[in-house]
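Peer 1: A structural model of the following input is requested.
(2 chains)
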Amino acid sequence: MTAAPIGFEAQRAAPRERGAFRDLLRRHPTVAIGAAILALMLLMAVFAPYLGTVDPQALSPVRRLRFPSRAYWFGTDMLGRDVYSRVLYGARISLWVGFWVAFFSTAIGLVIGLVTGFSRPVDAVLMRVMDGLMSIPPVLLAIALMALTRASTSNVILSITVSQVPQVTRLVRGVVLTLREQPFVEAAVAVGTGFFKTLRRHILPNTVAPLLVQGTYICASAMITEAILSFIGAGTPPNVPSWGNIMAEGRSLFQVAYYIVLFPSVFLSVTVLAVNLVGDGLRDALDPRLARRM
Amino acid sequence: MFSYIVRRLIATIPVMAIVAAVVFSLLYFAPGDPAAIIAGDLATAEDIARIHHQLGLDEPFLVRFWQWTWGVLHGDLGISIFTSLPVWQLIQQRVEPTAALTVSTLIVSVSIAIPIGVVAAANAGTWIDRAAMAFAVLGFSVPSFVLAYVLILVFSVGLDWLPVQGYSSITAGIWPFLQHLILPSTALGLIYAALIARITRASMLEVLSQDYIRTARAKGLSSQDVLIGHALKNAAVPIATIIGIGIALLIGGVIVTETVFAIPGIGRLTVDAILRRDYPVIQGVILLFSAAYVIVNLLVDLSYTVLDPRVRF
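Peer 2: Here you go, the predicted structure:
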């Protein structure tokens, strides 16, 4: 789910001990299933060169459009490239984009959210900008930013990050505004705890849980957005075997060689599903109040 | 109520101004010189300078921003660099397919999602509930264009029931029109349906734990009357809210779905404009989609008074 989980309340930070972690996996098996699939995809991406693949860019006009067989597990495309190798290498792009977008958008959103949560004048200006950015559909904003820049993986990460930051900002700001009114924060301020110490000891730990959950959802939607961008020709450069690019190439031949589109689709869907399962499980574990409602 | 509408409309002005500023900056900072593109390969430096002056491209940023905003306020979105047609005209030509796709997707997703959400909530904790929520997680995870290809493969290529691609205007007959919309709106509607089903279930569960539901049951009302007449009615506000917020998701999906199904709508126009770096068109389309999103959410807010008489503005 991509909508921001709203209404997080002050709560203790994530369980740290190993016992608590095991308990989390037992009570929320979806996290375990999701994490296992994700780990598998990660291993596949890292060890792609050793998994019976060939050079994903190697052209072989003689062996064009071969149907999946024992020699070509996922068939070959219109230039004779091995689809199996391309799909395995493609996992690298999706996971890379998903991770970095989640990391950068939560980091940037956290900083802006903290500032707007504490400073009213900055809040008045920045939140109007965020409102404006939020009324541009994220995919559209990412597409527009890509139209301005050269096709590259880092530009894809940058464009998707920009479109996700407003949501995180809003989430963090909400948490900060609620926490500021809490007795334990008021008490800390009353006994003379410094601003940064209050921030570090009382505010930041309480943003970890909602950000972790939001981060996984951002990761999932970033992987889908990357595929969309590449699919319409505004994403990673065409020579990079990303799942979106493989599907874009197979698009015109879909009726003859549907397998070119099918395999990257399945891998993309399973990976996104795994991330969402982890996200749902984390949400259930970290925010029981919200979990009952969802 | 009237004063609330006016206040809300006024409140959308700064939001739209920021959208306009973002959209304008996109063109301003865009690489490449539109004058050079319009002038063509054989143009001399003087030709380009002349076009520069004609288009007002030699003016400073704020002057150009003001001129552009003034134009937009008068319905002038500029001229497409690639086709030399007014952007507004290009958009008008393509509104029908996109409007048809959006409306049919809304109908498909709401009519799938609400029953699923209600049934899941009524059977909370059972396998029916789990199956419904598994459907919802799956719906979020399968990108709409992936589902689109699966549907084409099964229903068009395999069974030959429906056309593979294309669009047929409603003026050419109702059946061909619907035939071309079934697959795209189902593909696009699933992710949206997943979102709505999840919120419907959550909202229903919240309402079902209220005292008046127990009273209604105690009166001896059938469980159907309680679910639809009492619970769903009271759960309507969050459902309407998520339908509004989800429009952003729908707009992103329209762009891709129109590409997969070769539907000549605004989504397709956007993709073509991006591939050709036709910035005035890109600006116009973003502005239009954002305005649509803001207006839909305003309408959703206003619908609260109808859905819940306790809400007064």
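
Peer 1: Return the residues of the stretch 151-300 of chain B in contact with chain A.
Peer 2: B:152-153, B:157, B:164, B:194-195, B:198, B:202, B:205-206, B:242, B:245, B:247-249, B:251-253, B:255-256, B:259-260, B:270-271, B:273-275, B:277, B:279, B:282, B:285-286, B:289-290, B:293-294 (CB under 8 Å from any CB of the partner chain). (Each C-beta comes from the backbone N, C-alpha and C, glycine too.)

Peer 1: so what pLDDT did the residue most central in space within chain A get?
Peer 2: Nearest to the geometric centre of chain A sits residue A:219, at 0.7 Å (CA atoms, centre = their mean). pLDDT, residue A:219: 92.

Peer 1: ok, and the closest residue to chain A within the stretch 201-313 of chain B, which helix or strand is that part of?
Peer 2: The nearest approach of the stretch 201-313 of chain B to chain A comes at residue B:252, 3.0 Å away (CB to the nearest CB). Of the helices and strands defined by DSSP states H and E, residue B:252 is found in helix B:236-260.

Peer 1: which strands and helices sit next to the helix or strand following that helix?
Peer 2: The C-terminal neighbour of helix B:236-260 among helices and strands, as given by DSSP H and E, is helix B:266-275. If you count contacts as 3 or more CB pairs under 8 Å, 6 or more residues apart in numbering or on different chains; DSSP states H and E, helix B:266-275 packs onto helix A:138-148, helix B:87-122, helix B:236-260, helix B:279-307.

Peer 1: Could you tell me how many residues sit around the residue lying closest to residue B:57 once chain neighbours are set aside?
Peer 2: Leaving aside its sequence neighbours, residue B:57 sits nearest to residue B:35 (CB to CB, 6 or more residues apart in numbering or on different chains; 5.8 Å). Per other CB atoms under 10 Å in any protein chain shown, the neighbour tally for residue B:35 reads 20.

Peer 1: List the buried residues of stretch B:162-171.
Peer 2: Going by neighbour count (16 or more other CB atoms under 10 Å in any protein chain shown), the buried part of stretch B:162-171 is B:162, B:163, B:164, B:167, B:168.

Peer 1: Out of those, the closest to residue A:45 would be?
Peer 2: The closest of the buried residues of stretch B:162-171 to residue A:45 turns out to be residue B:164 (CB to CB; 33.5 Å).

Peer 1: Need the nearest residue in space to the closest one, chain neighbours excluded.
Peer 2: residue B:156 (4.3 Å).

Peer 1: Give the full set of residues in contact with the one you found.
Peer 2: B:162, B:163, B:164, B:183 (CB atoms under 8 Å, 6 or more residues apart in numbering or on different chains).

Peer 1: what about 7 Å?
Peer 2: Contacts of residue B:156 were listed using CB atoms under 7 Å, 6 or more residues apart in numbering or on different chains, and they are B:162, B:163, B:164.

Peer 1: quick check, nearest of the residues you listed to chain A?
Peer 2: The closest of the contacts of residue B:156, once distances to chain A are taken by CB to the nearest CB, is residue B:164, at 7.1 Å.

Peer 1: can you pull the buried residues of the strand or helix carrying residue A:219?
Peer 2: Using DSSP H and E, the element containing residue A:219 is helix A:204-231. The neighbour-count check on helix A:204-231 (16+ other CB under 10 Å) flags A:206-207, A:209-231 as buried.

Peer 1: Buried only: go through the residues of the stretch 151-300 of chain B next to chain A for me.
Peer 2: B:152-153, B:164, B:194-195, B:198, B:202, B:205-206, B:242, B:245, B:247-249, B:251-253, B:255-256, B:259-260, B:270-271, B:273-274, B:277, B:279, B:282, B:285-286, B:289-290, B:293-294.

Peer 1: and residue A:251, how many neighbours?
Peer 2: By other CB under 10 Å, 16 other residues sit near residue A:251.

Peer 1: any idea how far it is from chain B?
Peer 2: Relative to chain B, residue A:251 is positioned 8 Å away (CB to the nearest CB, to the nearest Å).

Peer 1: Grab the nearest non-local neighbour of that residue.
Peer 2: Per CB to CB, 6+ apart, closest to residue A:251 is residue A:261, 6.8 Å.

Peer 1: for residue A:235, same thing?
Peer 2: residue A:229 (3.2 Å).

Peer 1: Return the residues in contact with that neighbour.
Peer 2: Here residue A:229 is in contact with A:142, A:143, A:146, A:156, A:235, A:244 (CB under 7 Å, 6+ apart).

Peer 1: can you check residue B:133 too?
Peer 2: When contacts are counted by CB under 7 Å, 6+ apart, residue B:133 touches residue B:120.

Peer 1: Do you know the pLDDT at it?
Peer 2: For residue B:133, the pLDDT comes out at 83.

Peer 1: Would you mind measuring from it to residue B:267?
Peer 2: Remark: distance between residue B:133 and residue B:267 (CB to CB, to the nearest Å) = 30 Å.

Peer 1: likewise residue B:82?
Peer 2: 17 Å.

Peer 1: same question, residue B:165
Peer 2: Distance, residue B:165 to residue B:267, using CB to CB: 14 Å.

Peer 1: can you check residue B:109 too?
Peer 2: From residue B:109 to residue B:267 the distance is 17 Å (CB to CB).

Peer 1: Just give the nearest non-adjacent residue to residue A:67, would you?
Peer 2: residue A:75 (5.4 Å).

Peer 1: Quick one: residues contacting that neighbour.
Peer 2: A:66, A:67, A:68, A:83, A:257, A:259, A:260.

Peer 1: Now with 10 Å, please.
Peer 2: Counting by CB atoms under 10 Å, 6 or more residues apart in numbering or on different chains, residue A:75 makes contact with A:63, A:65-69, A:82-84, A:250, A:257-260, A:262-263.

Peer 1: List the ones among those that fall in helices.
Peer 2: Counted as lying in helices by DSSP state H, out of the contacts of residue A:75, are A:83, A:84, A:250, A:259, A:260, A:262, A:263.

Peer 1: Neighbour-wise, give me the winner out of those.
Peer 2: residue A:83 (28 neighbours).

Peer 1: Roughly how far does the nearest residue to residue B:161 once chain neighbours are set aside sit from chain A?
Peer 2: Among residues not flanking residue B:161 along the chain, residue B:155 sits closest, at 5.1 Å (CB to CB, 6+ apart). Between residue B:155 and chain A the distance is 13 Å, computed by CB to the nearest CB.

Peer 1: Quick check: residue B:155 touching residue B:149?
Peer 2: No: counting by CB atoms under 10 Å, residue B:155 sits too far from residue B:149 to count as a contact (11.3 Å).
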